[in-house]
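Asker: Give me a model of this one.
(3 chains)
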Amino acid sequence: MNHGIEPGGDAVAGLEVSGLTKHYGAHAAIQDIGFRLERGALLTLLGPSGCGKTTLLRSIGGFVATDSGTIRVEGQEISALPPERRPTATVFQGYALFPHMSVAANVAYGLKIQGMLKSEIAERVRDALAAVQLSAMAERMPSQLSGGQQQRVALARCLVVRPRILLLDEPFSALDRNLREEMQVELRKLQQRMGITTVVVTHDQQEAYILSDWVAVMNAGRLHQFDRPAGVYDRPATRFVAGFTGMTNILAGHGDGTHFIAEGIGRFPVAAPALPGSALGLRPGALRLVDPADPAACAVGEVAFVAMTGAEALCEITCPGGALQVAMPRRDGPPAPGALVGVAMVNPDEAVVLAA
Amino acid sequence: MRRGPLGRILWALYLVLVMGFLLAPVAFVVFYSFNDASMFRLPVRAYSLRWYREFFASDQFQPALRATLMIAAVVVPFTLLVALPTAHLMARGKGQAWLGAALTAPVVVPGVVTGIAFLGLFTMLGIGDALTRLVIALSIFCLPFSLRALNASYAGLDRRPEEAARDLGATPLRAYLHVTLPQLKAGLLAGAIFAFVEATDNFSIAVFLADTRTKTLPIAAYEHIRDFDDPTVAAMATVLTLVALVLVLVLEKVIGLEKLIRHG
Amino acid sequence: MKRNLTALPAMLALAVLAGAYGSFFATGLLRQVPGTASVAGPASAENYLKFFSGAGQLPVFADTFIFSIIVTLATVIIGYPLAYFIARTESRFLRVAFLAVLVATFLSGSVTRAYGWMVILGNRGLLNSMLMNMGLIEAPLRILYRQLGVGIALVHFILPFFVLTVVGGIRNVPRALEEASRDLGCGPVRTFAKVTLPLSLPAIAEGMALSLALALSAFLFPLMLGGGRVRLVANYIYDQIFVAFDIPFAAVVSAGFLVCSCGALMLMMALQKALLRRFATGGIGA
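Answerer: I've put the predicted structure just below:
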């Protein structure tokens, strides 16, 4: 498991978490989480619901008292501080706008608490609302805004206090698809312009790839992989990450140095060490259908069914030891169910050998 | 839901009857209060404000009205001051819900028992002043009614805005005052109204604690009915009904009656 | 530290309440100084023996319970359809109108309403005057100063409490469940009986418990509308103090009555649980 210690990290990290653990009774919500994130980077915590990503985010914000471990922001240890004394600001799921305050009052709140001069507050609020393109809405109440506008108010309310860490909990889940994509790009631009170290929680891998400098994939309270988005997609570190990112073919077997022998399915030309109990991960797009007699065929099976998924067709091939999923362009003419076909690899580099 | 014509007629009939039953006593009392004669007789011969003059000039009702308002003026804020932290504890504290549950005892225990119990306690402690006795006993008696309204408010409360305030630098106390308390406004108002009504309307406890000089409106009304047979109490009841109507309007405007039920 | 401070007001209130109830029930162990309202020691179980052997309070207890149960059932029968209507009507106007009437009735106070029923139901009251003017009856109907009159006024007093409690329970039953039942071929009446009623049963039980508690502790209504001729426990206790000046015995009667009331309420909750279990098997299981 790669615990994501950023290479070359002798400079002070924007956010550094180590050994973070939180139990609810006997259940471990998060367990021994550790990573370093450089200043100004955007990290997404990715995982299914209940994986501990929100608990981790709330621990950083100070809303969850952890059992052990440390959290440092730019070198300063903050784990013992209450939320109001941490240099973090959170965009909560559902936004948590103050329902009885206007947009401007919501945004001004953090500055008022700091005891800033009225004139200065007004100026900062004006700038923050301009940054999220909501200058015209300053006097509205939150209930009079659309979901996207509410989200931008929540963002402005955080940015205006100039936090050193910006935290966002499922910020786009309540928005419809088109607006979501627009807001993702907007957030990314704003975050890069302001250079704020940012952590986003999401269960949507697409969102994670679009937004992030780094992705942390979590499951059952553990950190499975801390990597660049492409690294997560191309080289999943564990079977969980492979499955979660859509690597539907995970074949049990072992390597013999030059090939991977998948039991009951076939031999795949992937350089794999002879470790027992390992598995080969292949995306449906990394495979193609060939004639059963083709020497490139790694496995032979019968077409069980074919499904149309858009420009591609997804075929399920039944082999003696299990099934393979193969995606192919529809223009190549998908086979009929019941036909005998061979399965070959498109590019051996796209296969991943997963340890036990 | 779709209904046949017979079903519709039965429903309409039932609703009219229930509405009539609910409104009958209050509506009749209002009508009766304007009847000039001291005995009720159909048809009514003349209408007047005679009984209102009697009510507002009475040396029985005037001190009672003053005492009742004074009691309410102390009981309502006092009740809220106890109910608010208690509701907070019941919603947020760990294992302290029993406190609130124990405080609802006076709702289940017959008022007579509670009344005698308070009488005994005050006698033992040497608290002889009727006003003090009434204020203490009614404050505690009204507590569960305000508590219920506030519990409902707490149950419907979104905690995230409070966390957002903490996140933006507010201390727990400031976050509570700036964000949570304003969201409890409806519950506080409903709690105040319930406490006010229970404090001004209570008879079974107050009857043990009042004395000949200090009595509340319900007690003065009961004594008047016992000793006289005229519509002065109808005039008083009309005034109280008017107050009730104003309170209903306030509830509907500020909270909305439908919401009141949802958390009820 | 902070939590202790938050608990302080409730603790204080509870201490006063416990002090009141505690000292009251403790006086049950003392004895009345004959002919006076004062009490004296030494502590003995004498009053409890008098309570258990004396038949004086038995008819009063029995009357009170039977009367309260009838009042509660009448409240349920009159109130449940209203609660259902308010919860399910599509007209916001009717819903708010009925709610307003209920809340206004609730807020208008018990003295007002007791008085209203007195002048309506009296021998020369509205009802009898109207019926006699129309020639429907010769002599006035005797309603006041009997259990019937007290009961009518008491149902009227309790109705808003019951309906407002049950409306919430019915509104919490998702309409989609009723639609699913209709969709599966159940008629409206059976849908109501098999889906809506069981799901709103906890609220009905809560409303019934509240109604029963209110009926059992009724004091003002029997006092005003019963004219001393309707004897219920609360009035019996009141008489022990203001007529017989026997505070210790009043305390014992109160304690006995409280035990019986709590027993009745617990029995009702048990009944509700048993009923829910029956519904859960849908009448198919054993």
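Asker: residue ranges of the strands in the stretch 51-200 of chain A, please?
Answerer: With DSSP state E, counting those that start in this stretch as the criterion, the stretch 51-200 of chain A has strands at A:68-73, A:76-77, A:88-91, A:165-169, A:197-202.
Asker: Any idea how many residues pack against the residue nearest to A:P292 when sequence neighbours are not counted?
Answerer: Counting by Cβ to Cβ, 6 or more residues apart in numbering or on different chains, the nearest residue to A:P292 once its immediate chain neighbours are dropped is A:G342, at 4.4 Å. Heads up, the C-betas are built off the backbone N, CA and C, glycines and all. By other Cβ atoms under 10 Å in any protein chain shown, the residues close to A:G342 number 20.
Asker: Sheet partners, orientation included, of the helix or strand hosting A:G342?
Answerer: Counting by DSSP states H and E, the element that carries A:G342 is strand A:340-345. Sheet pairing of strand A:340-345 (DSSP bridges) gives strand A:287-290 (antiparallel), strand A:299-308 (antiparallel).
Asker: Give me the next element, helix or strand, following that strand.
Answerer: Next along from strand A:340-345, by DSSP H and E: strand A:352-354.
Asker: Please compute how far that following strand lies from its chain's middle.
Answerer: 20 Å (Cα atoms, centre = their mean, to the nearest Å).
Asker: what's the spacing between the nearest residue to B:D158 once chain neighbours are set aside and A:A65?
Answerer: In space, B:D158 comes closest to A:A96 once its chain neighbours are excluded; the distance is 7.1 Å by Cβ to Cβ, 6+ apart. Using Cβ to Cβ, to the nearest Å, A:A96 is found at 20 Å from A:A65.
Asker: Those two: which is more packed in?
Answerer: Per other Cβ under 10 Å, whichever of A:A96 and A:A65 has more neighbours is A:A96, with 25 against 11.
Asker: Who are the contact partners of that one?
Answerer: A:154, B:158, B:160-161, B:163-164 (Cβ atoms under 8 Å, 6 or more residues apart in numbering or on different chains).
Asker: which outside residues touch stretch C:262-269?
Answerer: B:108, C:65, C:205, C:208-209, C:212-213, C:216.
Asker: what number of residues lie near B:S33?
Answerer: Residues near B:S33, counting by other Cβ under 10 Å: 23.
Asker: How about A:E120?
Answerer: 10.
Asker: cool, and C:L271?
Answerer: Around C:L271 there are 12 residues (other Cβ under 10 Å).
Asker: Going toward the C-terminus from the longest helix seen in chain B, what's the next helix or strand?
Answerer: Longest among the helix segments of chain B by residue count, using DSSP state H, is helix B:61-92. As assigned by DSSP H and E, the chain's next helix or strand after helix B:61-92 is helix B:97-103.
Asker: Buried residues in that following helix, which are they?
Answerer: B:99-100, B:103 (16 or more other Cβ atoms under 10 Å in any protein chain shown).
Asker: average pLDDT across the helix or strand just after that helix?
Answerer: Counting by DSSP H and E, the next helix or strand C-terminal to helix B:97-103 is helix B:105-108. The pLDDT scores in helix B:105-108 average 84.
Asker: is helix B:105-108 up against chain C anywhere?
Answerer: Yes - Helix B:105-108 reaches chain C (Cβ under 8 Å from any Cβ of the partner chain) through B:105-108.
Asker: that older thread, what is the longest helix of chain B packed up against?
Answerer: helix B:97-103, helix B:130-155, helix B:185-201, helix B:217-227, helix C:2-27 (3 or more Cβ pairs under 8 Å, 6 or more residues apart in numbering or on different chains; DSSP states H and E).
Asker: for the ones you listed, which one sits closest to A:V107?
Answerer: helix B:185-201 (22.4 Å; Cβ to Cβ).
Asker: Could you list every helix and strand in contact with the next helix or strand after the closest one?
Answerer: Remark: after helix B:185-201, the chain's next helix or strand is helix B:206-209, criterion DSSP H and E. Applying 3+ Cβ pairs under 8 Å, 6+ apart, one finds that helix B:206-209 contacts helix B:111-125, helix B:130-155, helix B:217-227.
Asker: Mind listing what's buried along the second one?
Answerer: Using 16+ other Cβ under 10 Å as the test for burial, helix B:130-155 gives B:130-131, B:133-154.
Asker: and A:Y95, what does it touch?
Answerer: A:142, A:150-151, A:153-154.
Asker: Going by distance to chain C, which of the residues you listed wins?
Answerer: The nearest member of the contacts of A:Y95 to chain C, counting by Cβ to the nearest Cβ, is A:P142 at 24.7 Å.
Asker: Quick check: nearest residue in space to the closest one, chain neighbours excluded?
Answerer: A:L97 (4.0 Å).
Asker: Against chain B, how distant is A:R330?
Answerer: Note on A:R330: its distance to chain B, by Cβ to the nearest Cβ, to the nearest Å, is 46 Å.
Asker: residues of the helix or strand A:A208 falls within that come out buried?
Answerer: Secondary structure assigned from DSSP H and E places A:A208 in helix A:205-211. Burial within helix A:205-211, assessed by neighbour count using 16+ other Cβ under 10 Å, is assigned to A:205, A:207-211.
Asker: Give me the sheet partners of whichever helix or strand comes after it and which way each runs.
Answerer: Where DSSP H and E defines the elements, the next helix or strand beyond helix A:205-211 is strand A:214-219. With DSSP bridges as the test, strand A:214-219 is paired with strand A:42-46 (parallel), strand A:222-227 (antiparallel).
Asker: Tell me which residue in the stretch 201-350 of chain A sits closest to chain B.
Answerer: A:V201 (14.1 Å).
Asker: Lovely, talk soon.
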